[in-house]
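**Q** here is a sequence with its predicted model. Questions after.
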Amino acid sequence: MSRILSGIQPSGTLHLGNYLGAVKNFVKLQHEHECIFMIVDLHAITVPQDRLALRKNIKELAALYVACGIDPEKSILFVQSEVAAHAELSWILTCNASMGELSRMTQFKDKSAKLEGQGGLIGVGLFAYPVLQAADILLYDTDMVPIGDDQKQHLELTRDIAERFNARFGDTFKVPEVYIPKQGARIMSLQDPKKKMSKSDDNSKNFILLTDEPNVIRKKIKSAVTDSEAKVGYDPVNRKGISNLLDIYAVITGETIDDLVAKYQGCGYGEFKSDLAEIVVSELEPIAKRQQEIVASGEIDDILDQGRDIAMKLAMKKISKVKHKVGLGRKR
C-alpha cells in the first residue's frame, strides 16, 4: 500500500477549489492508500498572522477535513508544529539546498513581490519554506504527493534534495512521485477564470467558501463570468468561464464533460447555472453543518492528539536516522 501525504495551510476556511482539487480526492485516496494529512501551521507563519486567529483556524480546518469525509481511523490527521522533527529535518535539509535553486521558486517571487508592494517584511522563512515542505514529505517515506500543477516546482525540489542527500550520505529518503487528479486539480476564479480560485482575492465573488450560506453560493454562481456565445460548451482555451463551471459540475457529480454538454444542448446559461448552484449547495451545506458540530463537541482535539502521537513515532525513526548519518549528537 502506497503512502500519500499532503497538507493545507490554516489561513482561513477552505474554498471550493481546495475541496474539489484536493480534499475530495483525499477522501477517496484514504480507502486505497495509507494517508497522512497535515495542518501546516509552520508554513502559515511565513507571512504575518494573528496568533488567536491562527489557533482558531487550525482547529476549524482540521474539523473541516473530518466534515469533508477524512476518517481519523483510516488516515493520520495532525498539526505540523506539534511534531518537532519537521523543523529539525528542515534545518538539516536547508544545509543541503542551494541559494540558486530556492531563488528560482516561482511562488517565492510572486509572494515576495506582493509583500514588497504592501511594505511588508520579506522573511527568510518565505524564501526557505520549500525546504520545510521537502522535510514534511521526506520525513514519512512518502510515495506520492497530491498537488496542484502550481506546486510541481516544489515537488521537483523535494526530489532533487532527496537524491542529493542519498548520494552524499547513503540511502535515506524515498524519492516521492507526484499525484495530480485528471480533473479538478485547478478550479479557476468565478469572475476571472484566467487565474486560479483563491480566497485571498479582493473580490469575494471570485471564490466560494465551504462555509458560505446557500444563498451566497447561488448568487456567486449565477454571477460567474461566462461568454457571449450563450450556449454550454467546453473549450478551456477560448471559453474559460463556462469550461470552469463545467469542471466544477463534473467533479461534484461524476458526470463526464461530454455528457453535461449534451445534457444542456439548446439550453442557455441561466438554466445551467441554476442547476449547478443547487448541486454545489447540496454538496457543501452538509459539510458546513458537520464542521460546526465537530468544533462544538470538542472531539477535534482528541482526533489531533491521536494523529500527533502516530506521526511523532514515524517521524522520530526518520529524524534519528538522518541525524546519525550527518553526524549530529554523541551517539556513534
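**A** Nice, I can see it. Numbers count the residues shown, from 1 in each chain.
**Q** can you pull out the strands in the stretch 101-250 of the chain?
**A** Using DSSP state E, counting those that start in this stretch, the strands of the stretch 101-250 of the chain run over 144-146, 177-179.
**Q** give the rounded mean pLDDT of the first one.
**A** Meaning strand 144-146. The pLDDT scores in strand 144-146 average 91.
**Q** packing partners of it?
**A** Identification of packing neighbours for strand 144-146 by 3 or more Cβ pairs under 8 Å, 6 or more residues apart in numbering; DSSP states H and E yields strand 3-8, helix 24-29, strand 177-179. For the C-beta atoms, the positions are set from N, CA and C on the backbone; glycine is no exception.
**Q** if we use 7 Å, what do you get?
**A** strand 3-8, strand 177-179 (3 or more Cβ pairs under 7 Å, 6 or more residues apart in numbering; DSSP states H and E).
**Q** list the buried residues in the shortest one.
**A** When you say that, I think you mean strand 177-179. Tyr179 (16 or more other Cβ atoms under 10 Å).
**Q** hmm, who's touching it?
**A** Strand 177-179 is contacted from outside by Ile4, Asp143, Met144, Val145, Pro146, Ile147, Lys152, Leu155, using Cβ atoms under 7 Å, 6 or more residues apart in numbering.
**Q** can you rerun that using 6 Å?
**A** Met144, Pro146, Leu155 (Cβ atoms under 6 Å, 6 or more residues apart in numbering).
**Q** what does the first one give?
**A** Taking Cβ under 6 Å, 6+ apart as the criterion, the residues outside strand 3-8 that touch it are 29, 33-38, 40, 137, 140, 142-144, 146.
**Q** tell me which helix or strand comes right after that strand.
**A** Following strand 3-8 in sequence order, the next helix or strand is helix 16-18 (DSSP states H and E).
**Q** in the stretch 51-200 of the chain, where is pLDDT below threshold?
**A** Along the stretch 51-200 of the chain, the parts satisfying pLDDT under 70 run over 109, 113-121, 148-150, 181-185.
**Q** ok, which stretches of the stretch 151-300 of the chain are helices?
**A** Taking DSSP state H, counting those that start in this stretch to define them, one finds helices in the stretch 151-300 of the chain at 152-169, 214-222, 240-253, 257-263, 269-297, 299-326.
**Q** sorry, back to before: nearest to Thr211, of the strands of the stretch 101-250 of the chain?
**A** Across those, Thr211 has its closest neighbour in strand 144-146 (22.7 Å, Cβ to Cβ).
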